[in-house]
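Trainee: Quick one: sequence and predicted model below, then my questions.
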Amino acid sequence: MRGYTAKKGNQYYAVIYEGIDQATGKERRRWIAAGPRRGEAERLVTQLVKDKNDGLRTARDKTTLGVYLTEKWLPLQHSRLRRSTFDSYRRNIDLHVIPVLGRVPLQKLTPEDLDGLYAHLLTNGRRDGKAGGLSVKTVRLVHLVLHKALADATRKGSVTRNVAAVCDPPKLSSAKSREIKAWNAEQLRAFLDQVRDNRAYPALLLAAHTGMRRGEILGLRWEDVHIDDARLSVRQALISVAYDVQLSDVKTGSARRTIDLDARTLEVLRHWRERQEDERRLLGARYHDRDLVFCRPDGDPSHPDLFSQTFDRAVAGSGLPNITLHDLRHTHASLLLKAGVPVKVVSERLGHSSPSFTMSVYQHVMPGMQAEAAAIFSRLLDGGDSRS
């Protein structure tokens, strides 16, 4: 058997000669997409010719995509990934890949198979009993998992090419951006006044006054709260993996940060610590001391989902516009930006990777700030300010 490379448009192909068609008398050639690089196509030709000439026929030909993912590839990732990341991989494979492509032989998987999977997930991929499709972001995550798994299979020789590298997953740019909801200062003040007697009040106030993420709030330890210095350090988060809670390091270096605290927040934290000490004394040996600032009355971690539900119930009874717990973070950022706080400072408080990312997320706030800047500039000229 012999083969060569060919290019159509921006795509290279491995073209394999498969002899004469006995019915038509014409030469048969199989075209296999190899991606945008000629070198990849050449390597694919070499591998296909070698496999054919060597008469490569092993048991791996019968391995299905489902068996490969769940029995061979996924178990190897357990020790390499964060537990939450591994659980995400497992759920995406079990819920979205196996039902559609699980029985397809790994050797026969095509880019078109993956394109069909992604189209199905976008239109009819929900598995929670509701009609409709998954978000573009979720489908992209499914693609990234498959791309990594098939890249490993290619590297180890289980398949001759990574078909995920030449398929057409949906682009994030095609996704509709979620509208960011946020309260104004008056609404936030009214909400905090209404929940003042709620056990979750100190945690909700801290979330509103710092913009910390839910997991960061629930994973905060007293050793990381420096009341005398009026600041706290974000070093870990409480996460839910398959509904079990565990403490984990924050994901990135920018997420590990120090946040300055205002006088009101410090006062609330002091009172909360006194209340927690009373609970500790009351329960005695039954109190499980984990040094968590916000926890259940017995010291055990609070489940993140229950914390969100507490917030949702409080909002539902407040008469205020409906927002989520995460929108408290958006509220914190929006109020600061509208007040003229530099984007870099807001970005550091939120633990964003860069000020440019903060600007892209909160660009809805920027038009008003630009209008204010234009007015200030005009007043400078009208006032005859000649400084340069």
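Mentor: All right, it came through fine.

Trainee: Every contact and neighbour count from this point should use C-alpha atoms.
Mentor: Fine.

Trainee: all strands of the stretch 251-388 of the chain, in order?
Mentor: 257-260 (DSSP state E, counting those that start in this stretch).

Trainee: Now A6: phi and psi?
Mentor: Phi and psi for A6, reported as degrees, to the nearest 10, are phi -150, psi 160.

Trainee: need the contact list for it.
Mentor: 12-15 (Cα atoms under 8 Å, 6 or more residues apart in numbering).

Trainee: Report the buried residues of stretch 148-162.
Mentor: Within stretch 148-162, the residues that count as buried by 16 or more other Cα atoms under 10 Å are 149-151, 153, 158-162.

Trainee: What of stretch 248-259?
Mentor: In stretch 248-259, counting by 16+ other Cα under 10 Å, buried: 248-250, 255-259.

Trainee: Not counting residues beside it along the chain, what's closest to F294?
Mentor: Closest residue in space to F294, ignoring its immediate chain neighbours: L218 at 5.7 Å, by Cα to Cα, 6 or more residues apart in numbering.

Trainee: Repeat that for F86.
Mentor: Closest to F86 by Cα to Cα, 6+ apart is H78, at 6.2 Å.

Trainee: How many neighbouring residues does the one you found have?
Mentor: 15 (other Cα atoms under 10 Å).

Trainee: Got the confidence number for it?
Mentor: Confidence at H78, expressed as pLDDT, is 88.

Trainee: same check, this time on R379
Mentor: Looking at R379, its pLDDT is 83.

Trainee: L172 too?
Mentor: 75.

Trainee: Surely the residue nearest to F294 and R296 touch.
Mentor: No. Counting by Cα atoms under 8 Å, L218 stays clear of R296, with 10.4 Å between them.

Trainee: what sits in contact with each of the two?
Mentor: With Cα under 8 Å, 6+ apart, L218 and R296 have common neighbours S302.

Trainee: who's more crowded, these two?
Mentor: L218 (24 against 16).

Trainee: OK, contacts around the more buried one?
Mentor: 237-238, 292-295, 301-302, 304 are the contacts of L218 under Cα under 8 Å, 6+ apart.

Trainee: what about it, distance to V293?
Mentor: As judged by Cα to Cα, to the nearest Å, L218 and V293 stand 7 Å apart.

Trainee: can you check T63 too?
Mentor: Using Cα to Cα, T63 is found at 50 Å from V293.

Trainee: Among the two, which residue is more densely surrounded?
Mentor: Neighbour totals were compared for T63 and V293, and V293 leads with 23 against 17 (other Cα under 10 Å).

Trainee: what sits against the residue lying closest to L122 once chain neighbours are set aside?
Mentor: Counting by Cα to Cα, 6+ apart, L122 lies nearest to G133, which is 4.5 Å off, once chain neighbours are set aside. By Cα under 8 Å, 6+ apart, the residues touching G133 are 120-126.

Trainee: Show the pLDDT at H352.
Mentor: 93.

Trainee: T358 is in contact with that one, correct?
Mentor: Yes. Counting by Cα under 8 Å, H352 touches T358, with 6.6 Å between them.

Trainee: what does the host helix or strand of K148 rub up against?
Mentor: Using DSSP states H and E, K148 maps to helix 136-155. The contact list for helix 136-155 (Cα under 8 Å, 6+ apart) reads 69, 73, 89, 92-93, 96-97, 118, 121-122, 159-165, 169-172, 174-175.

Trainee: what about it, distance to the chain center?
Mentor: Mean-position distance between helix 136-155 and its chain equals 15 Å (Cα atoms, centre = their mean, to the nearest Å).

Trainee: now that helix: mean pLDDT?
Mentor: In this model, helix 136-155 has a mean pLDDT of 94.

Trainee: same deal with stretch 307-320?
Mentor: Here stretch 307-320 scores 96 as its mean pLDDT.

Trainee: all strands for the stretch 1-150 of the chain, in order.
Mentor: Using DSSP E, counting those that start in this stretch, strands in the stretch 1-150 of the chain cover 2-8, 11-20, 27-35.

Trainee: can I get those strands in TSV with distance to L335 and mean pLDDT?
Mentor: Shown next, in TSV, are these (distance: least, Cα to Cα, whole Å; pLDDT from 0 to 100):
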stretch	distance to L335	mean pLDDT
strand 2-8	53	85
strand 11-20	49	81
strand 27-35	47	82
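
Trainee: Nearest to F191, out of these?
Mentor: Counting by Cα to Cα, F191 lies closest to strand 27-35 out of these; the figure is 54.6 Å.

Trainee: Tell me which residues are up against the closest one.
Mentor: Identification of contacts with strand 27-35 by Cα under 8 Å, 6+ apart yields 11-21, 40-41, 44, 161, 165-166.

Trainee: Just the buried ones among the contacts of helix 136-155, please.
Mentor: Buried among these (16+ other Cα under 10 Å): 69, 73, 89, 92-93, 96-97, 118, 121-122, 159-165, 169-170.
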